[in-house]
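Undergrad: Provide a 3D model corresponding to the input given below.
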Amino acid sequence: MSNLNLSKLSCALAALSLTSLAGAAGLDRSGQPSEDFSSSGTIAYISAYQISPDISGKESNGDNIPDIGEKYEGYGYGVKTDINDRFSVGVFYDQPLGAKILYQGDNSLTNINAVNNDRKQTVVDVSTDNFTGLLGVNLGANNNFKIYGGPVLQKIEGELAINSKNPALAAVNGYTLNIPKNEAYGYMVGAAYVKPEIGLKAAITYRSEIDHDVNYAESMPYIIGVNTQLPPALRLDATQTKEKELTTPKSVNIDFQTGLNPTTLLTAKARWVPWSGFNITPPLLDENGVALNALQGKVVDEVRLLEYDKDSYMLEVGLGKRLTPKFAVSGSIGWDSGAGNPVSPLGPTEGYYSVGLGAKYNLTPEWAVSAGAKYLMLGDAEGLLASSGTKIGQFEDNDAYLVGLKLSYAAK
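TA: The predicted structure is shown next:
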């Protein structure tokens, strides 16, 4: 088999495989920006994508829940170069976690009778930014093995407003949460084996969990009315800003590719995230929730805003085909397990199946532009609000569309 140029055979798959739908598995939006790091030479890229989800449901009383999935955009960039035959360095940016949801119409998570327009809808907006620095060392007589690692700076922020006309959700009606931008550090480590003469590359990458000391700014208007019925010694706080730890989950990615012939590349990816160990437990919601249950004679250890039952697994297989020296096409199929069911109504889907198509055109021997699209068939799920245990509705037959664009540079 003739020598394969991996940078030319890596088609538009690379532009799209870094993104998945928020809520498909926990809050996942991207994988890890490490798959290009094990290639030789200098590599740089900038990518952008847009996801358009259609997520609707039906309440147990038959009322419709219109589309709650908000369209969102994201981007990433990275650069990597070899210092010499043994050492390489790289810097990467991605947006790994997030959610964007808006409940509208007349359902359990809207309050059409509210006087203040700002208190009629349930809104969620969470975003993260990751900056990763990597140092790699080539090992072996032919530099076929590489180990790499480095620090990860993660920034997270979010806001939430829950508004409801459902009496079962009275305690959280009007609840608001604001998390100002917070920074914390973790790390990434990995190892790779490459054999360029047959287009082979296999890599495994671990990204650590990251502990944030978050300031939770919370408001629970319902408590004001409750306090009028309680003696002063038992009265609860209606507003509070308090620091508490929030830990984003670790993850493991496996990336594999091999040349099937001088113009065809097979790729495979796998990802694991232990979402079962993740939760968001704002202190005021927790403290008041435990106290309100106690007033009703119920013993509850903790009240969580968001949690997941299971770890998530993702698999994707693709083929890239170079049709001319400058033009290549690609296709992929994928599966995501989701993170359990029932799920939070703040992201009510359980995994997905996906189909993707892409194309890449080399503008020059070094510069290339890639474009592609994915269709995601989202898994059916039951929405359950963790803080109250109240069923919101059934979300079925939903989907999402993803389009992406990537400009890349590769030189030996």
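
Undergrad: now residue 188, what's its secondary structure?
TA: Here residue 188 is strand, with the state taken from DSSP: H, G, I helix; E, B strand; the rest coil.

Undergrad: list the contacts of it.
TA: Residue 188 makes contact with 32, 34, 132, 134, 149, 150, 151, 152, 205, 206, 207, 208 under the criterion C-beta atoms under 8 Å, 6 or more residues apart in numbering. For every residue, glycine as well, the C-beta is placed using N, CA and C.

Undergrad: least confident of the residues you listed?
TA: Here the lowest pLDDT out of these sits on residue 34, with 67.

Undergrad: thinking again about what came up before, so which of the contacts of residue 188 is the most crowded?
TA: Tallying neighbours with other C-beta atoms under 10 Å puts residue 34 at the head of these, with 28 neighbours.

Undergrad: give the next helix or strand downstream of the longest helix seen in the chain.
TA: Across the chain, the longest stretch assigned as helix under DSSP state H is helix 283-295. Using DSSP states H and E, the helix or strand that follows helix 283-295 in sequence is strand 306-307.

Undergrad: which ones among the contacts of residue 188 lie within strands?
TA: Among the contacts of residue 188, the ones falling in strands (DSSP state E) are 132, 134, 149, 150, 151, 152, 205, 206, 207.

Undergrad: which element, helix or strand, includes residue 215?
TA: Using DSSP H and E, residue 215 falls in strand 210-219.

Undergrad: just to revisit the earlier point, which of the ones in strands among the contacts of residue 188 lies closest to residue 40?
TA: Nearest to residue 40 among these: residue 134, at 14.6 Å, using C-beta to C-beta.

Undergrad: now do the contacts for the closest residue to residue 274 other than its chain neighbours.
TA: Excluding its sequence neighbours, the residue lying closest to residue 274 (C-beta to C-beta, 6 or more residues apart in numbering) is residue 311, at 4.7 Å. Residues near residue 311 by C-beta under 8 Å, 6+ apart: 272, 273, 274, 275, 276, 339.

Undergrad: next SSE downstream of the strand holding residue 215?
TA: Next along from strand 210-219, by DSSP H and E: helix 222-227.

Undergrad: before we move on, what's the pLDDT of the nearest residue to residue 226 once chain neighbours are set aside?
TA: Spatial nearest neighbour of residue 226, excluding adjacent residues (C-beta to C-beta, 6+ apart): residue 236 at 6.7 Å. Looking at residue 236, its pLDDT is 91.

Undergrad: ok, residue 313 to residue 407 distance?
TA: 31 Å (C-beta to C-beta, to the nearest Å).

Undergrad: and if you look at residue 269?
TA: Counting by C-beta to C-beta, the separation of residue 269 from residue 407 is 22 Å.

Undergrad: neighbour count winner among those two?
TA: Neighbour count, other C-beta under 10 Å: between residue 269 and residue 407, residue 269 has more, with 21 against 16.

Undergrad: isn't residue 270 up against residue 253?
TA: Yes: counting by C-beta atoms under 8 Å, residue 253 is a contact partner of residue 270 at 7.2 Å.

Undergrad: what residue ranges in the stretch 51-200 of the chain score low on pLDDT?
TA: 114-119 (pLDDT under 70).

Undergrad: hmm, 80 instead?
TA: 61, 112-119, 141 (pLDDT under 80).

Undergrad: distance to residue 226 added to the contacts of residue 188, as TSV?
TA: Formatted as TSV, the contacts of residue 188 follow (distance: C-beta to C-beta, whole Å):
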residue	distance to residue 226
32	46
34	50
132	46
134	52
149	51
150	50
151	46
152	42
205	49
206	46
207	43
208	41
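
Undergrad: out of the residues you listed, which is nearest to residue 291?
TA: Nearest member of those to residue 291, counting by C-beta to C-beta, is residue 208, at 35.3 Å.

Undergrad: please name the bridge partners of residue 319.
TA: residue 266, residue 331 (DSSP bridges).

Undergrad: surely it meets residue 331?
TA: Yes: the pair residue 319 and residue 331 qualifies as a contact (C-beta under 8 Å) at a distance of 5.7 Å.

Undergrad: for the closest residue in space to residue 190 that isn't next to it in sequence, which residues make a bridge with it?
TA: Leaving out its chain neighbours, the residue that sits closest to residue 190 by C-beta to C-beta, 6+ apart is residue 205, at 3.6 Å. Bridge pairing for residue 205 (DSSP bridges) gives the partners residue 190, residue 253.

Undergrad: and what of residue 77?
TA: residue 46, residue 93.

Undergrad: wait, doesn't it sit right on residue 48?
TA: No: the criterion here is C-beta under 8 Å, and residue 77 misses it with residue 48 at 9.5 Å.

Undergrad: what is in contact with the two at once?
TA: In contact with both residue 77 and residue 48: no residue, using C-beta under 8 Å, 6+ apart.

Undergrad: ranges for the helices of this protein?
TA: 6-9, 13-16, 222-227, 283-295.

Undergrad: quickly, which of those bottoms out on average pLDDT?
TA: Looking at the helices of the chain, the bottom one is helix 13-16 with a mean of 39.

Undergrad: tell me how many other residues surround residue 294.
TA: There are 12 residues near residue 294, going by other C-beta under 10 Å.

Undergrad: could I have stretch 306-314 exported to PDB, CA atoms only?
TA: C-alpha atoms of stretch 306-314 as PDB (Å, rounded to 0.1, in the frame of the first residue of the first chain):
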ATOM      1  CA  LEU A 306     -30.500  18.200  38.400                       C
ATOM      2  CA  GLU A 307     -29.100  14.600  38.500                       C
ATOM      3  CA  TYR A 308     -28.600  11.600  36.200                       C
ATOM      4  CA  ASP A 309     -29.100   7.900  36.800                       C
ATOM      5  CA  LYS A 310     -26.600   6.400  34.400                       C
ATOM      6  CA  ASP A 311     -23.200   6.800  32.800                       C
ATOM      7  CA  SER A 312     -23.300   7.700  29.100                       C
ATOM      8  CA  TYR A 313     -21.500   5.900  26.200                       C
ATOM      9  CA  MET A 314     -21.100   7.200  22.700                       C
END
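
Undergrad: so for that stretch, mean pLDDT?
TA: Rounded mean pLDDT across stretch 306-314 is 90.

Undergrad: related to what we said a few turns ago, go through the helices of the chain and name the closest to residue 43.
TA: Closest among those, once you apply C-beta to C-beta, is helix 6-9, at 7.3 Å.
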